[in-house]
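K.L.:
sequence first, then the predicted structure, then my questions.
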Amino acid sequence: MPILIAALVLVQAAGSPPDERERWLPPLKTVTLPRAERTIGEILKAVREQSGETIDVSGVDETAKATVEWKDRPVIQALDDLCRSLGAGSVSVRQDGKGKLPIVLDGGAALPPAASHWKQFRIELADVSVTTTRSFEGVKRSAQVTIRWMGQPGTDPLSVDGFQPEEIVDDAGWSLLEPGELRYRRGSDESLQEGEDPLAVVTDRSFNRGMREDIAVPLRAPAEEARTIERLRGRLFLTFPMKHVDVSVPSAELVAGKEIGLGGMTVQVVRFSQEGAAVTFVYKMSHRGSGHGFSSFPDFELLDGKGQRLNRGHSGSGSEDGYTIRYTLARPDPVAALHLKAYVGRITLAIPVDLRNLPLPKK
């Protein structure tokens with residue numbers, strides 16, 4: 001599996017010198033075309049040749065013509081521009097089952113109501129809901145915006161952590177921002193913030209990958225006379241891995257006192273034993289740093305002499321003396337190695353989001 005190495009990227013003002021830390025992101029693919037009328041097929045050919053990306057197209061008449069003008073336009077944004085010029089279409093990135101990530105342009109889909117772009121990323125409006133609740137206590141109104149993110153192929157975060165709104169206002173001038181609300185990283189008590197944690201260990205069970213991700217943003221109900229949310233501005237937080245670690249320890253080395261280090265996590269062997277198709281692994285664990293992603297029961301695998309997985313199930317328990325995992329093997333072959341794959345180190349970046357003129361549902 002290709003590993004994306006990423007680093008913290010600070011939001012830059014337009015025209016500012018490039019931040020050298022951006023080199024840790026996959027290269028930004030751009031398109032340049034002088035203003036002219038061309039067939040859709042000619043435009044798509046130029047996008048493919050300049051970006052090097054695979055683009056699957058459906059529902060588009062490639063003999064039709066459009067006029068575009070691009071100067072170093074990010075490829076996702078360029079294709080969104082093309083859809084807007086056609087009056088329909090959506091752009092997405094989809095796994096094709098062969099390890100590739102083609103960009104998919106569906107000319108029969110509706111345009112997103114609003115979208116915001118920043119370098120390799122696009123954030124679009126997926127939905128807006130306004131709810132009125134009537135009870136004996138009175139009438140209450142609430143609202144929610146759902147946004148959806150997408151990245152250029154190769155922009156593959158470990159997790160989508162959340163969205164921190166900074167400004168939300170409707171066209172009647174009302175602020176819809178919930179006051180004083182501190183946003184937390186999904187599934188954690190950590191506040192949303194940029195930064196890096198080189199000691200973190202994230203194992204397979206904690207992975208949260210996916211190119212499309214819906215995020216609900218609660219907000220105050222708009223004014224009765226409002227027709228749009230004039231502006232929704234904030235930051236979307238994504239976390240990327242620093243490096244991938246693949247560790248195998250021969251079973252002969254799993255003796256009392258043996259230490260296995262991964263980032264800020266250290267596993268110390270207390271006992272490792274096998275009786276036929278049953279294996280018992282007793283260990284102690286300590287960690288440095290924030291402890292993000294650490295689990296009392298990491299996703300250890302037991303391998304045979306050919307490197308094939310032997311364990312088919314396990315149970316675990318813990319006490320002051322350490323942790324115990326009892327494995328059931330698929331067959332009573334000797335265990336050759338204890339195996340663990342994980343990402344060591346995480347880096348969180350904030351993607352600026354600025355959506356304008358978000359339509360409200362009709363009454």
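P.N.:
Thanks, I have the structure now.
K.L.:
distance of residue 136 from residue 130?
P.N.:
22 Å (CB to CB, to the nearest Å). For every residue, glycine as well, the C-beta is placed using N, CA and C.
K.L.:
more crowded one of those two?
P.N.:
Set side by side, residue 136 and residue 130 show more neighbours around residue 130, with 15 against 4, by other CB atoms under 10 Å.
K.L.:
domains of this structure?
P.N.:
Following automatic domain parsing, one gets these domains for the chain: 20-243+347-359, 246-346.
K.L.:
so which residues of the protein form helices?
P.N.:
40-51, 75-86 (DSSP state H).
K.L.:
how about a markdown table for the domains of the chain, with mean pLDDT added?
P.N.:
Below are the domains of the chain laid out as a markdown table (pLDDT from 0 to 100):
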| stretch | mean pLDDT |
| --- | --- |
| domain 20-243+347-359 | 88 |
| domain 246-346 | 90 |
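K.L.:
can I get the helices of the chain in TSV with mean neighbour count and distance to residue 173?
P.N.:
Converted to TSV, the helices of the chain look like this (neighbours: other CB atoms under 10 Å; distance: least, CB to CB, whole Å):
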stretch	mean neighbour count	distance to residue 173
helix 40-51	18	40
helix 75-86	21	28
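K.L.:
would TSV of the ones you listed with distance to residue 222 be doable?
P.N.:
Converted to TSV, those look like this (distance: least, CB to CB, whole Å):
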stretch	distance to residue 222
helix 40-51	38
helix 75-86	26
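K.L.:
what sits against residue 359?
P.N.:
Neighbouring residues of residue 359 by CB atoms under 8 Å, 6 or more residues apart in numbering: 113, 114, 128, 227, 228.
K.L.:
let's go with 7 Å and repeat that
P.N.:
Residue 359 makes contact with 113, 228, according to CB atoms under 7 Å, 6 or more residues apart in numbering.
K.L.:
specify the beta-bridge partners of it.
P.N.:
Beta-bridge pairing for residue 359 (DSSP bridges): residue 228.
K.L.:
that one and residue 124: what is the separation?
P.N.:
13 Å.
K.L.:
check residue 66 too.
P.N.:
With CB to CB as the criterion, residue 66 and residue 124 are 21 Å apart.
K.L.:
just give the nearest non-adjacent residue to residue 260, would you?
P.N.:
Nearest residue to residue 260, sequence neighbours excluded (CB to CB, 6 or more residues apart in numbering): residue 267, at 4.4 Å.
K.L.:
partner residues bridging that neighbour?
P.N.:
Beta-bridge pairing of residue 267 under DSSP bridges involves residue 260, residue 285.
K.L.:
picking up where we left off before, for residue 320, find the nearest of the helices of the chain.
P.N.:
Closest to residue 320 of those, according to CB to CB: helix 75-86, at 52.5 Å.
K.L.:
what's the closest one packed up against?
P.N.:
Contact here means 3 or more CB pairs under 7 Å, 6 or more residues apart in numbering; DSSP states H and E; on that basis helix 75-86 packs against strand 30-39, helix 40-51, strand 65-74, strand 90-93, strand 115-118, strand 121-135.
K.L.:
can you give me the angle it makes with strand 30-39?
P.N.:
Angle, helix 75-86 to strand 30-39, by axes from the mean of the first three to the mean of the last three CA atoms, to 10 degrees: 20 degrees.
K.L.:
circling back: among the helices and strands packed on helix 75-86, which is nearest residue 340?
P.N.:
Nearest of those to residue 340, taken as CB to CB: strand 90-93 at 29.9 Å.
K.L.:
may I have the strands that pair with that closest one, each with its orientation?
P.N.:
Sheet pairing for strand 90-93, assigned by DSSP bridges, gives strand 103-106 (antiparallel).
K.L.:
buried residues of the partner strand, list them for me.
P.N.:
Using 16 or more other CB atoms under 10 Å as the test for burial, strand 103-106 gives 103, 104, 105, 106.
K.L.:
same check, this time on stretch 240-253
P.N.:
For stretch 240-253, burial by neighbour count (16+ other CB under 10 Å) applies to 240, 241, 242, 249, 251.
K.L.:
got a list of contacts for that stretch?
P.N.:
Stretch 240-253 has contacts (CB under 7 Å, 6+ apart) with 3-6, 157-158, 198, 202, 260, 262, 272, 303, 335-347.
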